[in-house]
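>>> please find the sequence and the predicted model below.
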Amino acid sequence: MMGEGLRVAVLLSGGGRTLQNLLDHADRGELGGARVVAAVASKPGLKGHAVAEEAGIPAYVVPRKEHADNASFSAAINDVLGPHDPELIVLAGFLSLYHPPDHLRDRVMNIHPALLPSFGGQGYYGHRVHQAVLDYGCKVSGCTVHLADSEYDSGPIIVQRCVPVLEEDDADALAARVFEQECVAYPQAVRLFAEGRLRRDGRRVRITPGNQ
């Protein structure tokens, strides 16, 4: 597995900035040998789908609206991804609750634009999160990469990065500052996974020492 690189599939519902960031890190050899082997968009016309196609990655559309619930939606995604045999699923702005096949349990990552467990859960996504942080009067915010489970934003935390909340911030300004840290945190988490350095211990994800 390590010789050919960890096979990663990306699920997306937006513009593909997170996907592009992962591809850029992989091109620079900064993803622990991981490589994106497939991408799935939750509706047609998403820029993220075009990002994948332009990179030569097999890209699919599985429309959420064509499925009655998240379980059947996830099953359709799993059918599409099966031939690519992914070893890690990365959620990149994916808004639906994803149910992986049994062999991919604890092999699904998500990133959330706040410091979980604060400002997470169903309905907390995008600028809604940043506005909630501002409305609460927080002095810091950040991002959280976590293992995804059967509830929104509730899985064990892998990596967190922090940013200050400035007096003049609006949701756009805070979102931009947080996204800068997302671009660091997500590749770091994928690299640690690819290097076999993550160990789940109950609700904790422990990071084992590397070779350096």
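Done, it's in. Keep in mind that this is a model prediction, so the values were computed, not measured.

>>> only C-alpha atoms from now on, for both contacts and neighbour counts.
Will do.

>>> which SS class is Arg128?
helix (DSSP: H, G, I helix; E, B strand; the rest coil).

>>> for it, give its distance to Val62.
Counting by C-alpha to C-alpha, to the nearest Å, the gap from Arg128 to Val62 is 25 Å.

>>> the two - which one has more neighbours?
Here Arg128 and Val62 are compared on neighbour count by other C-alpha atoms under 10 Å; more neighbours surround Val62, at 18 against 13.

>>> for the more buried one, which non-adjacent residue is closest in space?
Spatial nearest neighbour of Val62, excluding adjacent residues (C-alpha to C-alpha, 6 or more residues apart in numbering): Ser42 at 5.3 Å.

>>> what are the phi and psi angles of the one you found?
According to degrees, to the nearest 10, the main-chain angles of Ser42 amount to phi -90, psi 0.

>>> next: Ala92.
phi -120, psi 80.

>>> likewise for Ile111?
phi -120, psi 140.

>>> same deal with Pro63?
phi -70, psi 130.

>>> compute the number of surrounding residues for it.
Counted with other C-alpha under 10 Å, Pro63 comes out at 15.

>>> report the contact partners of it.
41-44 (C-alpha atoms under 8 Å, 6 or more residues apart in numbering).

>>> pLDDT score for it?
On pLDDT, Pro63 comes in at 96.

>>> then the one 4 residues further on?
At His67 the predicted local confidence, pLDDT, stands at 96.

>>> switch to numbering from 53
Renumbered: residue one is now 53, and that last one reads His119.
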